[in-house]
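# Next come a sequence and a model predicted from it.
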Amino acid sequence: MGLLDILNSIQGGGVSNDPRARPAQAGQGMSPMAKALLALLAVYAAKNLRRADAPPTQPAQPPRPAGGGTTAGPSTGAGGLPGGDLGDLLRGTLGGLLGGAAAGTVLNGGLGGLLKQLQESGQGDVAKSWVGTGPNKQISEGDLADALGGNTLNELSRQSGMDHGDLLSGLSQYLPHFVDQLTPEGRVPTEDEAERMV
């Protein structure tokens, strides 16, 4: 199953009356929760790259044509995320934030970093259940807030347009399934495997 399929299952599967999971209005692309989940991977991919002694990166700026006009590029929805192809999102916007990192690197590093953060914050058994092949343990909003921290929650809120309460409620509901679907072999996918998911 690819990442786009997983995000679509969040947008359309199971809880269609949940406004956090419903598709965004026309022209906005993804649902707020799908944006939050991708932003969560990007945040931890960036932290993972910095831990690996990579120099801090600056967001990539699109080139400006001579004369001060604007360039044609992917249209963006709320939160500045493109409404187009998921691969373009990971390679373009999120990849630009990560110094042009490949989509597989973003997915692999982000997922690995997130799981490490959960483990370090005392939620290792919960995170392990999401990766494993058995039932997924639930995580409370409070435990998730403690694990992610205020700075990460502020960034996710900014990227998704959701307030903290809705964000935590949605993440505690959708994150276990999201991680479970990204780890079908009971482990974090390699960069090559993650690249194929995009």
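Structure's in. What do you need?

# packing partners for the host helix or strand of residue 49?
In the assignment (DSSP states H and E), residue 49 maps to helix 32-51. Where contact means 3 or more Cβ pairs under 8 Å, 6 or more residues apart in numbering; DSSP states H and E, helix 32-51 is packed against helix 3-12, helix 103-118, helix 150-160, helix 164-182. No exception for glycine: its C-beta is placed from N, CA and C like everyone else's.

# That helix: which residues count as buried?
Neighbour counts using 16 or more other Cβ atoms under 10 Å place 32-49 of helix 32-51 among the buried residues.

# What sits closest to residue 32 if chain neighbours are left out?
Of all residues not flanking residue 32 in the chain, residue 160 sits nearest, at 4.5 Å (Cβ to Cβ, 6 or more residues apart in numbering).

# Now do the contacts for the one you found.
The neighbours of residue 160, taking Cβ atoms under 8 Å, 6 or more residues apart in numbering as the test, are 32-33, 35-36, 39, 79, 167.

# And for residue 123?
Counting by Cβ under 8 Å, 6+ apart, residue 123 makes contact with 139, 143-144, 147.

# how near is residue 33 to residue 170?
Distance, residue 33 to residue 170, by Cβ to Cβ, to the nearest Å: 5 Å.

# got a pLDDT number for the spatially closest residue to residue 118 that is not a sequence neighbour?
Spatial nearest neighbour of residue 118, excluding adjacent residues (Cβ to Cβ, 6+ apart): residue 127 at 4.0 Å. On pLDDT, residue 127 comes in at 96.

# Could you check how far residue 127 is from residue 135?
Distance, residue 127 to residue 135, using Cβ to Cβ: 14 Å.

# So which of these two has more stuff around it?
Neighbours per residue (other Cβ atoms under 10 Å) separate residue 127 from residue 135, with residue 127 holding more: 23 against 10.

# Which secondary structure element is home to that one?
Residue 127 belongs to helix 124-131, assigned by DSSP H and E.

# Any idea how many residues pack against residue 196?
When neighbours are counted by other Cβ under 10 Å, residue 196 registers 13.

# ditto for residue 140
Residue 140: 12 surrounding residues under other Cβ under 10 Å.

# which residues of the protein score low on pLDDT?
1, 11-29, 50-102 (pLDDT under 70).

# Output stretch 185-198 in CSV with nothing but the alpha carbons.
The C-alpha coordinates for stretch 185-198 follow below in CSV (Å, rounded to 0.1, in the frame of the first residue of the first chain):
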residue,chain,number,x,y,z
GLU,A,185,6.5,-5.8,7.6
GLY,A,186,6.5,-5.1,11.3
ARG,A,187,9.5,-2.7,11.0
VAL,A,188,10.3,0.8,9.7
PRO,A,189,10.8,0.6,5.9
THR,A,190,14.2,1.2,4.5
GLU,A,191,14.8,4.3,2.4
ASP,A,192,14.4,2.3,-0.8
GLU,A,193,11.2,0.7,0.4
ALA,A,194,9.8,4.1,1.6
GLU,A,195,10.6,5.6,-1.8
ARG,A,196,8.5,3.0,-3.5
MET,A,197,5.6,3.8,-1.1
VAL,A,198,5.5,7.3,-2.4
